[in-house]
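[1] Whatever this is, show me its structure:
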Amino acid sequence: MKFNLTDEELDEIHDIQEDVEDKSKIIDDIVYDIISPYCKDLDNYVYFIKDCLKDGENPPTDEELDDFNLNLATYIYFAGGVCEQLGIRDDIAKAVYKEMYHTARASQDKGTVADKDSLAELASQEQYIVSASYTRAYKTLKSKIESAQELLTSIKKTLSHRMQETELTRMGGSGK
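    Below you'll find the model as predicted:
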């Protein structure tokens with residue numbers, strides 16, 4: 001690999017990088033539009049918990065942790081259901097892309113196999129973008145659910161630890 005790049009080569013690399021960023025923004029926006037309605041409540045609740053945890057001098061009370069526990073579990077439940085709906089849409093988007101690709105490929109009468117493949121890929125580019133967007137949306141929502149489950153596990157551990165401390169204090173206090 002060549003590491004001594006000319007200014008022209010560096011400019012070309014930066015142009016390619018900008019192009020990738022611009023095209024990624026399109027998919028990022030599509031993914032956001034897809035998952036936003038599905039995970040808005042979960043996101044808002046996780047941000048709410050985050051805000052509650054910011055005040056280090058006033059940690060959440062046991063009652064607040066109980067609320068976090070119940071509410072977060074509820075939001076995870078509903079997000080899990082819509083995650084599966086996104087999985088279905090992902091499957092359909094892939095099928096639509098493949099159908100368009102194969103239709104475009106079959107309509108090519110002349111040219112090499114590589115030429116036909118290239119033209120079919122070009123003809124089905126929009127369907128590919130939609131398919132890729134649904135795949136990313138599904139994976140993003142699934143990741144958010146997994147992270148929320150880890151947060152829920154942490155909340156449960158904190159509650160359990162506090163209950164043990166309370167029990168130990170109560171037992172130690174009654175023996176005096």
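[2] Please tell me how far the most centrally placed residue in the chain sits from Leu119.
    For the chain, the residue lying nearest the average C-alpha position, counting by C-alpha atoms, centre = their mean, turns out to be Thr140 (1.4 Å). Note on Thr140: its distance to Leu119, by C-beta to C-beta, to the nearest Å, is 32 Å. Using the backbone N, CA and C atoms, a C-beta is placed for each residue, glycine as well.
[3] Just the pLDDT at the residue nearest to the residue nearest to the centre of the chain when sequence neighbours are not counted, thanks.
    The shortest distance from Thr140 to any non-neighbouring residue, by C-beta to C-beta, 6 or more residues apart in numbering, is to Ile35 (5.7 Å). Ile35 is assigned a pLDDT of 94 by the prediction.
[4] and after the helix or strand where Ile35 lies, which helix or strand comes next?
    Using DSSP states H and E, Ile35 maps to helix 7-54. Using DSSP H and E, the helix or strand that follows helix 7-54 towards the C-terminus is helix 62-106.
[5] Can you list the neighbours in contact with the helix or strand following that next one?
    Past helix 62-106, heading to the C-terminal end, the next element that is a helix or strand (DSSP H and E) is helix 113-123. Contact partners of helix 113-123, identified using C-beta atoms under 8 Å, 6 or more residues apart in numbering, comprise 100-102, 104-105, 108, 111, 128.
[6] chain center to the following helix or strand past helix 113-123, what's the gap?
    Elements were assigned by DSSP H and E; along the chain past helix 113-123, the next helix or strand is helix 125-174. Taking C-alpha atoms, centre = their mean, to the nearest Å, one finds helix 125-174 lying 14 Å from the centre of the chain it belongs to.
[7] that older thread, can you name every helix or strand that the helix holding Ile35 contacts?
    Based on contacts counted as 3 or more C-beta pairs under 8 Å, 6 or more residues apart in numbering; DSSP states H and E, the elements that helix 7-54 packs against are helix 62-106, helix 125-174.
[8] What average pLDDT does the last one get?
    In this model, helix 125-174 has an average pLDDT of 91.
[9] hmm, back to that, buried ones among the contacts of helix 113-123?
    In the contacts of helix 113-123, burial by neighbour count holds for 100-101, 104-105, 108, 128, counting by 16 or more other C-beta atoms under 10 Å.
[10] Among those, which pair sits farthest apart?
    With C-beta to C-beta as the measure, no two of these lie farther apart than Gln108 and Tyr128, at 17.5 Å.
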